[in-house]
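fold the following and give me the result.
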Amino acid sequence: MASLNDFRPEFDNAYQEIFQKTLVAKEIMNTRFESKLRFGESVERVAFDISGVLVRAVTRNNNSTIDNVTDTSELLTINLEREAVFRITDGEATQAGPLNPGQEIGKQIGIKVALDLDGRCFFQVRNATFDFDAGDLTTGTSSGVPITLNATTVPQMTTRMAAKLRFRNNQEILTNLVFVTDAYGASDVTQFMIGKNIDMAGAAFKNGYTGDVNNAQLYTSENLSGEATLTSTGVFTDAQTITINGVVFTTMTTLGATAGNVLIGANAAATITNLTALINAPTVTTAEGVALTNAADLDTISRVSAVATSATVLTINGTGGGRFILAEGQTNASWTVNMLHCYFGKRGAIDLVVQDMKEADMRPESLQRATIVFTHYLAGIRTFSDGARKFLDVLVNAA
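Prediction:
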């Protein structure tokens, strides 16, 4: 066990450093409750609604009209607990020689765990009261169509986002603003906003901070939430494929036993139902779908959820992972939307409590000469209603 003892302090430091650098979300979100809460505890906030209080004309000698202020209670609970666990045998540590397997593996696992938390934080962007999309570039109304970044739309977007945020809130909230997009989005901003001081190369070493754009600090994260829709025009075809981030699903008239096979139903809706079920439970084989077996495929699909939004439309959503890489070989179905949910608004509009994110926990294996390493976090995330008005869900075309 001496070899393991040698690397333990170094491993802990490396884990902490990598974890903190990877957490872009913690730079953006509000950690005001972090020192107060523990697992299972909650903080309750009351949200007031003053929309029913009107400014009225005064009629002298008549009683005033008294309006009501309503309120709702909102909770942030520390109940998000996630871990990754791996084993290092004494033999592996000995044969690695000068290479420290614990530190090298731990570094990668630390990144993986941090990315999981980051992705869950940025999924909260969807809770924004207001969207910002292609319709907002030239009008005051969102259209649901994501923005394709180019020389025309980037300047429009970077100036009008703040305008919409101020207009919708009817108050000055345009200080301490941040814009979070992915590397491709940041590169488009760099390309089409001449003269901006943006450092893409140094972003990874500053919790994603890349520079300033107009009145906001620009951050880069590959853990934003992606969304895509698959639209069918008829019955699916035998032995044709649908690919999500490299994971292949094959529609079959006879199911067979190949991982990722999906049974074709009597109509498009039935097949979409079968595909939805397999994406959401990828380890379960049923009469309508064959479970995935490849570990990398399961890891990828674990961050994707699916819902049949109509009889002919399947919508997938990513928790982290950024923009989807999609393909299909279908005669009667195609990907019609692929977009990224980006954050623009005040820093601290979403609340995050990371109650436990300490160094890796290393424990001797009881039945063999090995050490088990646990990497873990315990957190709570909440977008309160007043915070939801202080940022925009910016829809960017990811195709």
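
so what does the residue in the chain sticking out farthest from the centre look like in phi/psi?
When distances are taken from the C-alpha mean of the chain, residue 61 lies farthest, 57.9 Å away, according to Cα atoms, centre = their mean. Phi and psi for residue 61, reported as degrees, to the nearest 10, are phi 70, psi 0.

what distance do you get for residue 127 to residue 274?
30 Å (Cβ to Cβ, to the nearest Å). From N, CA and C alone the C-beta is placed, and that goes for glycine too.

out of those two, which sits in the busier spot?
Per other Cβ atoms under 10 Å, whichever of residue 127 and residue 274 has more neighbours is residue 274, with 24 against 16.

now do the contacts for that one.
Taking Cβ atoms under 8 Å, 6 or more residues apart in numbering, we find residue 274 in contact with 262-265, 288-289.

mind listing what's buried along stretch 79-89?
Neighbour counts over stretch 79-89 (16 or more other Cβ atoms under 10 Å) mark 80, 84, 86, 88 as buried.

list the contacts of that stretch.
4, 39-40, 101-102, 105, 109, 112-113, 116-117, 120, 365, 368-381.

drop anything exposed from these.
Buried among the contacts of stretch 79-89 by 16+ other Cβ under 10 Å: 4, 101-102, 105, 109, 113, 116-117, 120, 370-371, 373, 375, 377-381.

now for this protein, the helix or strand with the poorest mean pLDDT.
Ranked by mean pLDDT, DSSP states H and E, the helix or strand of the chain with the weakest confidence is helix 2-22, at a mean of 41.

and after that helix, which helix or strand comes next?
Counting by DSSP states H and E, the element after helix 2-22 in chain order, helix or strand, is helix 25-28.

what is that following helix packed up against?
Using 3 or more Cβ pairs under 8 Å, 6 or more residues apart in numbering; DSSP states H and E as the contact test, the elements touching helix 25-28 are helix 101-122, strand 351-356.

format those as JSON lines; extra columns: distance to residue 297 and mean pLDDT.
Listed next are the helices and strands packed on helix 25-28 as JSON lines, based on distance: least, Cβ to Cβ, whole Å; pLDDT from 0 to 100:
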{"stretch": "helix 101-122", "distance to residue 297": "16", "mean pLDDT": "82"}
{"stretch": "strand 351-356", "distance to residue 297": "30", "mean pLDDT": "84"}
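
which among those is found nearest to residue 72?
strand 351-356 (16.0 Å; Cβ to Cβ).

any idea how far that closest one is from the middle of the chain?
Chain-centre distance of strand 351-356: 16 Å, with Cα atoms, centre = their mean, to the nearest Å.

buried residues of the helix or strand just after it, list them for me.
Going down the chain from strand 351-356, the next helix or strand is strand 361-364, by DSSP H and E. Using 16+ other Cβ under 10 Å as the test for burial, strand 361-364 gives residue 362.

so that it lines up with my notes, have the first residue be 29 from now on.
In the new numbering, first residue 29, that becomes strand 389-392.

now for strand 389-392, which elements pack on it?
Counting contacts by 3+ Cβ pairs under 8 Å, 6+ apart, strand 389-392 packs against helix 30-50, strand 398-410.

low-confidence ranges, the stretch 179-328 of the chain, go.
198-201, 222-235 (pLDDT under 70).

what about the strands in it?
According to DSSP state E, counting those that start in this stretch, the stretch 179-328 of the chain carries its strands in the segments 205-209, 237-241, 244-248, 253-260, 268-272, 275-280, 289-291.

the inter-axis angle of the fourth one versus strand 268-272?
Right, the one you point to is strand 253-260. Counting by axes from the mean of the first three to the mean of the last three Cα atoms, to 10 degrees, strand 253-260 points 170 degrees away from the direction of strand 268-272.

tell me how far strand 253-260 is from the chain's mean position?
On Cα atoms, centre = their mean, the centre of strand 253-260 falls 15 Å from that of its chain.

from the rest of the structure, what touches it?
147, 150-151, 153-154, 270, 296, 299-300, 337, 340-352, 354, 356, 358, 360-369, 426.

hmm, try it at 7 Å
For strand 253-260, contacts defined as Cβ atoms under 7 Å, 6 or more residues apart in numbering pick out 150-151, 153-154, 270, 296, 300, 340-347, 349-352, 354, 360-369, 426.

of those residues, buried ones?
When these are checked for burial by 16+ other Cβ under 10 Å, the buried set is 150-151, 153, 270, 296, 300, 340-347, 349-352, 354, 360-361, 363, 365-369, 426.

and these, which of them are in helices?
150, 296, 300 (DSSP state H).

and of the residues you listed, the nearest to residue 327?
Nearest to residue 327 among these, with distances taken as Cβ to Cβ, is residue 150, at 18.6 Å.

ramachandran angles for the closest residue to the closest one other than its chain neighbours?
What sits nearest to residue 150 in space, not counting adjacent residues and going by Cβ to Cβ, 6 or more residues apart in numbering, is residue 252, at 5.0 Å. Taking degrees, to the nearest 10, you get phi -70, psi 170 for the backbone angles of residue 252.
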